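K.L.:
would you be able to build a 3D model of this:
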Amino acid sequence: MPDAPLILWFRRDLRLDDNPMVAEAARSGRPILPLFILDPETEALGAAPKWRLGLGLAAFGDTLAKMGLRLILRRGPAAKVIEAVLAETGAAGVWWGRQYDPAAVARDTAVKAGLKAKGIEARSFAGHLLFEPWSVETGQGGFYRVYTPFWKSVRDRDLPAPEPAPGQMRPPETWPASDNLTDWAMGAAMQRGAAVVAQHVHVGEAKAQARLGRFVDEKIEAYADYRDFPARDVTSGLSENLAWGEIGPRRIWFAGWRALESGARGAETFLKELVWREFAYHLMHNSPQITTTNWKPDWDTFPWRGDSKEAEYWRRGLTGQSFVDAGMRELYVTGRMHNRVRMIVGSYLTKHLLTHWKIGLDWFADCLIDWDPAANAMGWQWVAGSGPDAAPFFRVFNPATQAEKFDPKAVYRQRFVAELSAKPGADALAFFQAAPRSWALDAKRPYPEPLIDLSDGRKRALEAYGGRNS
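P.N.:
Alright, predicted model coming up:
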């Protein structure tokens, strides 16, 4: 049925470049009907990722409009929405890019089974990852539990080159009705924080491509040397765009390899970081419980603390440890957090405060514009000690010594913690504009005393770890 429309169901793949589904659809010559569904799984997103997704949808709609296409927006359970659009349009197939978190897998499996039972073409495509999680195996046929062997197994694999966005795509003769994106109120839960974080986002495919270009041209050389220094602007920032599929991982991979081959010293380190994302998905696919329970079952007996007054101070950036507080405030001001600082704030919560990693995981899931289900779960379990790591037991990051090493002039801390400066800058003050009024914060109040002595906290954590099976 060459004239029957083909529904392209977009999710976390809001791009035309390096999108295997889009490339195949363009080659088919069939009329294309782009669709996005605000289903229960998507409705469950936290405040910041849901808001950021809304921005991405608006930008992607504009991109499609330049191709003579429309992004049809519908709300409801995916299977019911797809059934309705099929009936309204006479479409003869539904395609989508794969997702790998447990909720998405369950949804997509049910949708595909329902479509095939009715004789309707249903196809899923790669594109969110470099390597399908099931395609990487150990020599014994199992999955990798440690990163370094995983990296060595994929480093030299051949990948197909990313295909550019198609020059044109065929629209259907008529368009079905679409919801209005504004009516979805995707940013409602952000409240006044949206205006603050909006100053730090880079939305859409064009800005993602430009971001990659700037990184390769100006930053990748210094990446290995300075990526752990949060005051140094040497990271790519692409996690925001990767999270929503505004740039394809193959596009980044090939750019990184070109830089490596041209002699850029930081290129291999950057490629390894991109593969950390792959490793997270590899683990989530092979052990989906990583998103909800301890990856290592013997940690089920560990005496984690639940939510508490101390955890709330952590959320509000009021621990009295300036490196921790700077990270938590950066999160509220920009919607992101430097990777080194993520490890420090995670270690402080789970080890110095002995708080369950799920408390941190849930907070990040609500506040990160680059929230990723696999990376968030692996990161929190790694830093807590319950996840995939060869030697987690003794790793207790000391935020004071980490600050001395990676922020020796306190540039990063003063950027986000107003109480540390006589004349705080815009980002430090922006935290008080973004924070909920119910927190009753004031930049003029004295900086808080530390919640816990760092030495005492480390000792308590190691004692708890040593006795976790007793």
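K.L.:
could you pull out the strands in this protein for me?
P.N.:
In the chain, the strands defined using DSSP state E lie at 6-10, 32-38, 72-75, 93-97, 121-125.
K.L.:
can you list contacts of the shortest one?
P.N.:
This points to strand 72-75. With contacts defined as C-beta atoms under 8 Å, 6 or more residues apart in numbering, strand 72-75 is touched by 33-39, 57, 81, 84-85, 175-181, 184. Where C-beta positions appear, they are placed from N, C-alpha and C, glycine not excepted.
K.L.:
out of those, which end up buried?
P.N.:
For the contacts of strand 72-75, a burial check counting by 16 or more other C-beta atoms under 10 Å picks out 33-39, 57, 81, 85, 176, 181, 184.
K.L.:
any idea how far V234 lies from G266?
P.N.:
Using C-beta to C-beta, to the nearest Å, V234 is found at 8 Å from G266.
K.L.:
what pLDDT is listed against the residue lying closest to L242 once chain neighbours are set aside?
P.N.:
Closest residue to L242 apart from its sequence neighbours, by C-beta to C-beta, 6 or more residues apart in numbering: P249 at 6.7 Å. Residue-level confidence at P249 comes out at 98, pLDDT.
K.L.:
quick one: P249 and F131 touch, right?
P.N.:
No. P249 is beyond contact range of F131, at 9.3 Å (criterion: C-beta atoms under 8 Å).
K.L.:
can I get the CA coordinates of stretch 121-135 in CSV?
P.N.:
C-alpha atoms of stretch 121-135 as CSV (Å, rounded to 0.1, in the frame of the first residue of the first chain):
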residue,chain,number,x,y,z
GLU,A,121,3.1,-3.6,10.1
ALA,A,122,5.0,-2.8,13.3
ARG,A,123,8.8,-2.2,13.2
SER,A,124,11.3,-1.0,15.8
PHE,A,125,14.7,0.6,14.9
ALA,A,126,18.0,1.1,16.6
GLY,A,127,19.3,4.6,16.9
HIS,A,128,19.3,5.5,20.6
LEU,A,129,22.6,3.6,21.2
LEU,A,130,25.8,2.8,19.4
PHE,A,131,25.4,-0.9,20.1
GLU,A,132,22.2,-2.8,20.9
PRO,A,133,22.6,-4.1,24.5
TRP,A,134,22.2,-7.7,23.6
SER,A,135,24.8,-7.5,20.9
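K.L.:
ok, and for that stretch, which residues are buried?
P.N.:
Of the residues in stretch 121-135, A122, S124, F125, G127, H128, L129, L130, F131, P133 count as buried by neighbour count, 16+ other C-beta under 10 Å.
K.L.:
closest one of those residues to K219?
P.N.:
The nearest member of the buried residues of stretch 121-135 to K219, counting by C-beta to C-beta, is L130 at 21.2 Å.
K.L.:
list the contacts of that closest one.
P.N.:
The contact partners of L130, by C-beta under 8 Å, 6+ apart, come to V154, L159, P249, R250, W253, L274, V275, E278.
K.L.:
G457 too?
P.N.:
K351, H352, L353, V396.
K.L.:
now the common contact residues for V234 and G266.
P.N.:
K219, A222, Y223, D225, R227.
K.L.:
in those, find the pair that's most separated.
P.N.:
K219 and D225 (11.0 Å).
K.L.:
list residues touching both of the two?
P.N.:
By C-beta under 8 Å, 6+ apart, the residues touching both K219 and D225 are V234, G266.
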